[in-house]
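> what follows is a predicted structure for the sequence shown.
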Amino acid sequence: MVPLERLSPGETGFVGALHGGHRLISRLASLGFTAGAPVTVVRNYGSGPIIVLVRGAQIALGRGEANRIKVYRSEAESHASSSS
Amino acid sequence: MHRHHHNTEVARSSDRETTSDTERQTIVVALAGQPNVGKSTIFNMLTGLSQHVGNWPGKTIERKSGTYQREGTTFHVVDLPGTYSLTAASVEERIARDFILHDQPDVVVAVVDAAIPERSLYLLAELLLLPAPVVLVMNMMDVAAQEGVVIEPRVLEAALGIPVVPMVATRSEGVERMIEAVVAVATRTYPYEPRRPMILPSHEEVLTDLITLIAGYVRDPYPVAWVALKLLEGDEEIHEMVEALVPPDVNDEVHRVLYEHEDAVLDIAGARYEWIGRMVRAAVVRPRVGQVGLTTRLDAVLTHPFWGALALAGVLAVVFAFTYLIGTPLQEWLDGLLGEAGAFVGGWAVTVGVPVWLADMVADGMIGGVGMVITFVPILAIFFLALGVLEDTGYMARAAFVTDRFMHLMGLHGKSFMPLLLGFGCNVPAVLGSRIIESRRARLLTILLAPLVPCAAQLAVVTILGAAFFGQAGGFIVWGLVALNLVVLAGLGWIFHRFVLQGEAAVFIMELPLYHVPNLRTIGLYVWRNIVAFLQKAGSVILVASLLVWFLSYFPSGGVVTESYLAVIGRAIAPVGQLMGLPWPVLVALITSFVAKENTIATLSVLYGNAASGLSAVLTPPAALAFLIVQMLFIPCVATVAAMKQESRSWTWTMVGVGTSLLLSLSAGVAVYQLGTWITGG
């Protein structure tokens, strides 16, 4: 798993884990960041906030928040972990 | 609040059929939806000018309600705050679910964005677990079609077992069908049999355990299964409620069960999305390519760190040019008109035998004081109009994104940009606008910094005085003063962030809606609401303060200002003025600017005959510059201070803000005057 902020624009990751307080996790989960959900990075300029596409909606995330979302780089990897 | 009372009355009647028998039937409708789904467009369309804007009891969140009449039926519509879910992670979420649980609306209309059905149906998954029946509105069908999302409302209706109404609210399409569905559900003529989302099989057992544990203790209107689920989701508010209701041994057991399933929140959300996936499988066909088209192409430029910032600067330049080119002549025209009106009323009152002091009070204290404030309405209306357009097209979210990296230096994030921008019109909506920020710390910081944004009235004052003091160079001086204010704002923000309001950095999570054509009605109502709020302030706080200042300037000398109470106060604080090269009347003018910033000019006119020429003869250039700087950084006006108190809910922080401004403005004034005098060899 890698932090979401490491993905380049156009790359898709699959949500593996969320780190942070209960409120943050609850908010992210309701926006669709749930286990296995595909997240495509739309803008990532290396610093500052990023934009991702999740469940069909564009969401801007601060770099700190993007760091707390850990993703698998491939769907297969994501399935392997959830079935184990 | 008789409406509210009435609404509870209707809701509490156990047999709702009785209300439909009476001639005038009332149906209470709650509008629920995530942000950016066009919920306010639907609300505005239904209620129009009948809407009432207040606050939710004990909260600083706007409560909008209104009525819609149709064929003898009154629809009492309550606009719930936009929320992504119904877990008590934010005040908005608590308000929305408390209203549904406690006020028991007859029907909840759940509005979703048809262009992003999966994400926006998440709220529906939560709403269906509450007792009130739900009508689903698929709004923005046109945008969905544009994005290549094909939706079959009938198929979705069959899957969900609740009415599903397609809608294009911006073109008023689908309203009739929505009303029919609401009536059908409220009168129970619709076969309402919702399929509700289930929990994952792996959590069924623990949920059953929780239900068994709390079943005897949870009271109406809370559904036991819902309370158990919220416990499992880690909902703090529900947890506290249960703790207060159950005996200690049950409480320990609940704790033990929850401790073992701490991570359930992600799985529960995941299960809801799986349920949504099953519901929309047959009803929604979505292209696999993701979002291409207008939004993607525009965003390539508008969200870019460099080009986006440049575009934002350009947009703001256009907004300000537009506002002042059209607004300033209107303001001056109104000003002239009011001057004549004041003189006319004063003269007329004396001829019919009203005492002179009373005539003067009406002419100068009321018409002159409050009227001056009202002359700024055109400028504000145009400014709000421009911002309303930017907001409604979806651009404001991009502006927040682009400015986020600068805001971080002050411990703020992009969402604070919009309220601060509003400050250029009037500081009051800027302070009120801080409500959109979730974290209390970031909200407080925005409230403290907003008054440093120069408002329209302050800009008018320094423009007039700048030209009088410095002639041709006045324009540059004004730009310099604005820049200075923003630098001070940034510096103060950094200091507060680093040393005073320490705490976690604010979380920046914000949806970027698709760009769309703005809706005139939505923007019109936005402008109207802001102007009404402004006029209410002018009619209350500013009127009282204005009369007080008039009283101090009129008595005991009967109109001779130089011997009034105001002059006494001015002379008493004259030593402070000397440090800045400012005579006492200038200090008095500053004090009266507390009522409203534009009062500076009015007071100086009274004291010097003509503010501009009279004053420039008295002040040396360093003193003039010091005065302009003090004027720009001085304590916010009384209406802004009232708003700061209301929003921060703390006199301490309000006074910290006011005190900082006072200290900062006076020390800047002294420094500039002393330094300037030393340089110019005075």
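Yep, that arrived. Note that the structure is predicted; figures quoted are calculated from it, not measured.
> in stretch B:111-125, what's buried?
By 16 or more other C-beta atoms under 10 Å in any protein chain shown, the buried positions in stretch B:111-125 come out as B:111-125. For glycine as for every other residue, the C-beta is placed from the backbone atoms N, C-alpha and C.
> tell me where the model's unsure across the chain.
All of this refers to chain A. A:81-84 (pLDDT under 70).
> my bad, chain B
Those would be B:1-24, B:288-292, B:503-505, B:609-612, B:682, if you go by pLDDT under 70 across chain B.
> state the distance from the residue most central in space within it to residue B:497.
Per C-alpha atoms, centre = their mean, the C-alpha nearest to the average position across chain B is that of residue B:433, at 3.3 Å. Residue B:433 is 20 Å from residue B:497, where distance means C-beta to C-beta, to the nearest Å.
> go on, residue B:71?
57 Å.
> same thing with residue B:582?
Applying C-beta to C-beta to residue B:582 and residue B:497 gives a distance of 33 Å.
> which one's more surrounded, these two?
More neighbours surround residue B:582 than the other of residue B:582 and residue B:497, with 24 against 21 (other C-beta atoms under 10 Å in any protein chain shown).
> what sits against the more buried one?
Residue B:582 is in contact with B:619, B:623, B:626-627, B:630, B:669, B:673, counting by C-beta atoms under 8 Å, 6 or more residues apart in numbering or on different chains.
> out of those residues, who's nearest chain A?
Distance ranking of the contacts of residue B:582 against chain A, using C-beta to the nearest C-beta, places residue B:630 first at 36.1 Å.
> need the phi and psi values for the closest one.
Note on residue B:630: backbone dihedrals following degrees, to the nearest 10 are phi -60, psi -40.
> for chain B, what are the nearby residues on chain A?
A:18, A:22-32, A:34-37, A:40, A:42-43, A:45, A:47-49, A:51, A:53-62, A:64-65 (C-beta under 8 Å from any C-beta of the partner chain).
> take those and keep only those in strands.
Using DSSP state E, the subset of the residues of chain A next to chain B located in strands is A:18, A:40, A:42-43, A:51, A:53-54, A:57-61.
> tabulate those residues (CSV), appending neighbour count.
What follows is these, written out as CSV (neighbours: other C-beta atoms under 10 Å in any protein chain shown):
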residue, neighbour count
A:18, 21
A:40, 17
A:42, 21
A:43, 20
A:51, 22
A:53, 17
A:54, 23
A:57, 22
A:58, 25
A:59, 23
A:60, 26
A:61, 27
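> show me the two of those that sit farthest apart.
A:18 and A:43 (21.1 Å; C-beta to C-beta).
> residues of the stretch 101-250 of chain B that sit close to chain A?
B:115-119, B:122, B:233-234, B:236.
> which of the residues you listed fall in helices?
Of these, the ones assigned to helices by DSSP state H are B:117-119, B:122, B:236.
> check the residues you listed against residue B:184 and report the nearest one.
residue B:117 (23.0 Å).
> in contact with that closest one, which residues?
Residue B:117 neighbours (C-beta under 8 Å, 6+ apart): A:56, B:138, B:144, B:149, B:151, B:276, B:280, B:284, B:286.
> give me that answer again for 10 Å
Residue B:117 makes contact with A:55-56, B:124, B:138, B:144, B:149, B:151, B:156, B:276, B:279-280, B:283-284, B:286, according to C-beta atoms under 10 Å, 6 or more residues apart in numbering or on different chains.
> same check, this time on residue A:13
So residue A:13 contacts A:1-4, A:6-7, A:37-41, A:52, A:69-75, A:77-78 (C-beta under 10 Å, 6+ apart).
> what's the PyMOL line that selects buried ones from these?
Applying 16+ other C-beta under 10 Å to the contacts of residue A:13, the buried members can be selected in PyMOL as follows:
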select buried, chain A and resi 1+4+7+37+39+40+41+52+69+70+71+72+73+78
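> tell me which of the contacts of residue A:13 fall in helices.
Reading helices off the contacts of residue A:13 with DSSP H, I get A:75, A:77-78.
> so which of the ones in helices among the residues of the stretch 101-250 of chain B next to chain A would you say is closest to chain A?
Nearest member of those to chain A, counting by C-beta to the nearest C-beta, is residue B:119, at 4.0 Å.
> if we can go back for a sec, of the buried residues of stretch B:111-125, which pair is most distant in space?
Counting by C-beta to C-beta, the most remote pair of these is B:115 and B:125, 18.4 Å apart.
> write out the residues of the stretch 351-500 of chain B neighbouring chain A.
B:397-398, B:400-408, B:413-415, B:438-439 (C-beta under 10 Å from any C-beta of the partner chain).
> need the max-distance pair from these.
Top of the distance list for these (C-beta to C-beta): B:398 and B:439, 21.6 Å.
> residue B:283 and chain A: what is the separation?
15 Å (C-beta to the nearest C-beta, to the nearest Å).
> longest helix in chain B, please.
helix B:307-351.
> elements contacting that helix?
helix B:294-302, helix B:356-360, helix B:369-374, helix B:377-393, helix B:395-407, helix B:417-422, helix B:456-470 (3 or more C-beta pairs under 10 Å, 6 or more residues apart in numbering or on different chains; DSSP states H and E).
> output the contacting helices and strands for the fourth one.
Packed against helix B:377-393, as judged by 3+ C-beta pairs under 10 Å, 6+ apart, are the following elements: helix B:307-351, helix B:395-407, helix B:417-422, helix B:427-433, helix B:456-470, helix B:520-539.
> next: the third one.
Under the contact criterion of 3+ C-beta pairs under 10 Å, 6+ apart, helix B:369-374 touches helix B:307-351, helix B:520-539, helix B:541-554, helix B:599-608.
> quick one: the helix or strand that the last one is followed by to helix B:456-470, angle?
From helix B:599-608 onward toward the C-terminus, using DSSP states H and E, the following helix or strand is helix B:611-618. Relative orientation of helix B:611-618 and helix B:456-470, computed by axes from the mean of the first three to the mean of the last three C-alpha atoms, to 10 degrees: 50 degrees.
> which other helices and strands does helix B:611-618 contact?
Counting by 3+ C-beta pairs under 10 Å, 6+ apart, helix B:611-618 packs on helix B:456-470, helix B:584-592, helix B:599-608, helix B:621-633.
> recalculate using a threshold of 7 Å.
Contacts defined by 3 or more C-beta pairs under 7 Å, 6 or more residues apart in numbering or on different chains; DSSP states H and E place helix B:611-618 against helix B:456-470, helix B:599-608.
> which residues touch it?
B:464-465, B:468-469, B:583, B:601, B:604-605, B:608, B:624 (C-beta atoms under 7 Å, 6 or more residues apart in numbering or on different chains).
> which among those residues gets closest to residue B:517?
Checking those one by one against residue B:517 (C-beta to C-beta), the nearest turns out to be residue B:464, at 39.3 Å.
> can you turn the buried part of the contacts of helix B:611-618 into a ChimeraX selection?
Burial among the contacts of helix B:611-618 is assessed by 16+ other C-beta under 10 Å; the matching ChimeraX selection reads:
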select /B:464,465,468,469,583,601,604,608,624
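> the contacts of helix B:611-618: which two are farthest apart?
Longest span within the contacts of helix B:611-618, C-beta to C-beta: B:464 and B:583, 18.9 Å.
> number of nearby residues for residue B:201?
So residue B:201, with other C-beta under 10 Å, has 8 neighbours.
> name the residue in residue B:398 and residue B:439 with the higher neighbour count.
Just comparing residue B:398 and residue B:439: by other C-beta under 10 Å the higher neighbour count belongs to residue B:398, 27 against 19.
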